[in-house]
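[1] give me the fold of what follows.
(one chain, ligands or ions: 1)
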Amino acid sequence: MIRTVPETGSTNADLLAALRSGEPLNEGDWLIADRQSAGRGRQGRGWQDGHGNFMGSTIVRTQPGQPPAHTLSLLAAVALFDTIHALLQRPHRLVLKWPNDLLIGDAKLSGILLEAERDAVVIGIGVNLVSAPDLPDRKSAALTQFGPAPDRDAFAETLAAHFATELQRWRTYGLEPLIRSWNAASMPKGTPISVHEPDGGQVGGLFDGIEPDGSMRLRLADGSVRVIHAGDVILAENN
Ligand SMILES: O=C(O)CCCC[C@@H]1SC[C@@H]2NC(=O)N[C@@H]21
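    Predicted coordinates:
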């Protein structure tokens, strides 16, 4: 069920609170806000809302024997890619940047934030359908720069359907088909990037694809490969 509210602080915060208070929430339920006053982004950043943009969250129940929960960020990215790809007149400009950002050219179009709560993960997605905020450290873009504004509610229905399909595939067949889909949508190997690691370190190199477990390969200047399990990736040319 998709529930829409006119305004809230953060749809992620709302679903986390609902989980904590034991409200009945099912997989497939989405909470979507027309406006968000305290949107949360990755790495402690905020997420700026915009009239007509998509801001919504859903939950997945974690179960023993299924792929690691953090790979749901790749899953959400693939579902989002499929949703947006169909809307673009020149879809080849759309690429995924590890782990889950969608870029048009070199500009960020959307963001995905996973937050865990006991046996559940809240997955929040923000998409610049109509307007893009100015970001301090990277370029941003909105879909309206590339075509007509999609209807937000129709967009939500399609995204929810793609997400449900990917979730079932992830549970049934594991990570392999998901990684294949992610790779097919990925920015090209050899793209110069800079990785900001959770410990505050920064390392530059060339994007070298992803490992079967979803971690990222970074080719360093000396030709060796470093496997990155967590971090924030910035295109070197945006730096
Ligand atoms: O930093 C990022 O790239 C992730 C941004 C995630 C934003 C979405 S908007 C809907 C949901 N609610 C939030 O507070 N954040 C996520």
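
[2] can you tell me the SS state at Phe207?
    strand (DSSP: H, G, I helix; E, B strand; the rest coil).

[3] tell me if I'm right that it and Ser194 touch.
    No. Applying CB atoms under 8 Å as the test, Phe207 and Ser194 come out as separate, 10.5 Å apart. Every C-beta, even on glycine, is put in place using the N, C-alpha and C of the backbone.

[4] which residues do those two both contact?
    Listed as contacting both Phe207 and Ser194 by CB atoms under 8 Å, 6 or more residues apart in numbering are Val233.

[5] more neighbours: those two, which one.
    Phe207 (23 against 18; other CB atoms under 10 Å).

[6] so what's the nearest residue to the more buried one once chain neighbours are set aside scoring on pLDDT?
    Leaving aside its chain neighbours, Phe207 sits nearest to Thr191 (4.4 Å; criterion: CB to CB, 6 or more residues apart in numbering). Listed pLDDT for Thr191 reads 96.

[7] show me the contacts for Thr191.
    Here Thr191 is in contact with Leu206, Phe207, Leu235 (criterion: CB under 8 Å, 6+ apart).

[8] next, count neighbours for the last one.
    Spelled out, that is Leu235. Leu235: 21 surrounding residues under other CB under 10 Å.

[9] touching, it and Lys97? I think so.
    Yes. Contact between Leu235 and Lys97 holds when scored by CB under 8 Å: they sit 7.3 Å apart.

[10] which residues do those two both contact?
    Common neighbours of Leu235 and Lys97 (CB under 8 Å, 6+ apart) are Leu103.

[11] which positions in this protein make contact with the ligand?
    10-12, 39-42, 45, 47, 55-57, 111-113, 124-126 (CB under 6 Å from any ligand atom).
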